[in-house]
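Peer 1: Let's see this in three dimensions:
(one chain, ligands or ions: 2)
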Amino acid sequence: MLEASHVTVSFRRRGGEPFRALDDVSIKVESGKIVGIVGESGSGKTTLVRTLCGLQKPDSGEVLFKGREIHEAMAAARSGAGLPLSMVFQDASGALDPRQTAASAVGEALRVHRMVVRVGEGDEVRRLLAAVGLPADVAGKRPTEMSGGQCQRVCIARAIAPRPALLIGDEPVSALDVSVQARILKLLAALLKGHENGLEAILLVTHDLAVVAAVCDYVYVMSGGRVVEEGVPREVFAAARHEATHRLLAAAGYN
Ligand SMILES: Nc1ncnc2c1ncn2[C@@H]1O[C@H](COP(=O)(O)OP(=O)(O)O)[C@@H](O)[C@H]1O
Ligand SMILES: [Mg+2]
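Peer 2: Ligands and ions are numbered 1, 2, ... in the order given. Below you'll find the model as predicted:
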């Protein structure tokens, strides 16, 4: 579904050599799967996500969505039929407008992406808020009146509103309490299983191996801008070869 091949991204540093944030990275996200990208801070995860979304132009390599170059695929989708991908970030309450209620935030996402809603916008907003497990009374609340987990659920509802085939989360649960993390991860898995709003796959970016172990079907381990290991999480973690993987295992309490 989404395929990045031999992607290299360099940043110019003042007075220094160009710095390679991504070095020949290739990953694949297949339909029906939750794919994890794990790596320590600074390993290039966010740069990879930005490249996958078409926000960062690679020096070399390409990103294809269903066989089409990602910029083209995003541009072609702007008719309201459904986006190739959409994103959820770490800072859920910061991503929401403090003056907006949950319902107006989700309604705005529908309008911005010109989603044609047969049932009417109000009904669609209620349906989306229910789909992310929010009780009806949250609809009228503003970010300061909601918990971190509720804010992230609103962000997820906003992200799936434009009917993305792929949902990309960049550290989507890192700012939440561990028990809340588990619930949000379960929600993401359930949204995919139910093909909610046409969802076909999830890419989960995290520095936390426990997150990957909980829900991912496949994992790529990044270090220093490269993919250093990949495979089924249980197998990768049981037979970790790279020192970065060992450090991540130790940090997550595996030994
Ligand atoms: N716009 C930029 N300009 C210069 N350096 C950058 C830029 N964005 C990221 N970097 C550098 O690239 C490396 C990877 O960053 P990032 O992709 O954010 O890693 P991660 O998300 O894994 O923490 C870091 O060393 C970071 O300082
Ligand atoms: Mg990052």
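
Peer 1: need the residues of this protein near ligand 2, please.
Peer 2: 45, 46 (Cβ under 5 Å from the ion). Any C-beta I mention is one placed from the backbone N, CA and C, and that applies to glycine too.

Peer 1: So residue 26 sits against residue 230, correct?
Peer 2: No. Assessed by Cβ atoms under 8 Å, residue 26 is found out of contact with residue 230, at 9.4 Å.

Peer 1: Please say which of these two ends up with more neighbours.
Peer 2: residue 230 (17 against 13; other Cβ atoms under 10 Å).

Peer 1: Which stretches in this protein count as helices?
Peer 2: Under the criterion DSSP state H, the chain contains helices at 45-52, 70-76, 92-95, 102-112, 121-131, 148-160, 178-193, 209-215, 233-238, 243-251.

Peer 1: May I have the beta-bridge partners of residue 166?
Peer 2: residue 85, residue 201 (DSSP bridges).

Peer 1: correction: residue 22
Peer 2: In this entry, residue 22 is beta-bridged to residue 9, by DSSP bridges.

Peer 1: list the contacts for it?
Peer 2: Applying Cβ atoms under 8 Å, 6 or more residues apart in numbering to residue 22 gives the contacts 7, 8, 9, 44, 47, 48, 51, 58, 225, 226.

Peer 1: contacts with ligand 1 among those, please.
Peer 2: Applying Cβ under 6 Å from any ligand atom to the contacts of residue 22, one finds that 44, 47 fall near ligand 1.

Peer 1: Tell me the most packed of the contacts of residue 22, by neighbour count.
Peer 2: Busiest of the contacts of residue 22 [other Cβ under 10 Å] is residue 48, holding 30 neighbours.

Peer 1: What does the pLDDT read for residue 25?
Peer 2: Looking at residue 25, its pLDDT stands at 98.

Peer 1: And the contacts of the helix-or-strand element of the chain with minimal mean pLDDT?
Peer 2: Least confident helix or strand of the chain, by mean pLDDT, DSSP states H and E, is helix 70-76 with a mean of 88. With Cβ under 8 Å, 6+ apart as the test, helix 70-76 has contacts from 2, 52, 53, 54, 63, 64, 65, 66, 68, 83, 84, 85.

Peer 1: Mind listing what's buried along that helix?
Peer 2: For helix 70-76, a neighbour-count test (16 or more other Cβ atoms under 10 Å) marks 70, 73, 74 as buried.

Peer 1: Just the closest of those to ligand 1, please.
Peer 2: residue 70 (17.4 Å; Cβ to the nearest ligand atom).

Peer 1: Noted, bye for now.
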